[in-house]
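Q: here's my sequence, what's the structure:
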Amino acid sequence: MTFGQRVTLVRREKKLTQAQMGAAIGTTGDMVGKYERDAIKPSIEVAAKIADALECTLDYLIRDIQDNEDKEKRISPALIEHFNKVERLSAKDKEHVLAVIDAFTAKSKIQSIME
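A: The predicted structure follows:
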């Protein structure tokens, strides 16, 4: 999947128009359309604004990964920010946070098996 295809996919998931996306990154909807069609490539600064507006990482938008892995590989900037905060915790507090995450992922796995 190309950069433009990923931008289109995530923009539509977020229910944003090209015009809304353009306004969010300081350009026009027409320019967003050109990015989505891969007619032109944005500068790294504009690509970063696109990632921020779509609440995904720039890495997700530019990496060439398989379609079925897309959602698994996408990590929102908000989640990354939380992980960075956890990294600054004491070792004991990190252990507790990881235990909570493990408990929720185990619960989710059990629920999916039960369905």
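Q: need the contact list for Phe3.
A: Neighbouring residues of Phe3 by CB atoms under 8 Å, 6 or more residues apart in numbering: 35, 38, 41, 47, 61-62. In this view, the C-beta of every residue, glycine as well, is placed from N, C-alpha and C.
Q: do the same with Glu55
A: Taking CB under 8 Å, 6+ apart, one finds 14, 76-78 in contact with Glu55.
Q: so how far is Phe104 from it?
A: Distance, Glu55 to Phe104, using CB to CB, to the nearest Å: 21 Å.
Q: what about Ala47, which helix or strand?
A: Taking DSSP states H and E as the definition, Ala47 sits inside helix 44-54.
Q: following that helix, which helix or strand shows up next?
A: Using DSSP H and E, the helix or strand that follows helix 44-54 in sequence is helix 58-62.
Q: okay, now Lys14: neighbour count?
A: 14 (other CB atoms under 10 Å).
Q: use 382 as the first number from now on
A: I'll keep to 382 as the first residue from here, and by that count the last item is Lys395.
Q: that one touches Leu435, doesn't it?
A: Yes - with contact defined as CB atoms under 8 Å, Lys395 and Leu435 form a contacting pair (6.2 Å).
Q: below-threshold pLDDT in the chain: ranges please.
A: 445-456 (pLDDT under 70).
Q: longest helix anywhere in it?
A: For the chain, the longest helix by residue count, based on DSSP state H, is helix 472-495.
Q: flag every buried residue along it.
A: Within helix 472-495, no residue is scored as buried using 16 or more other CB atoms under 10 Å.
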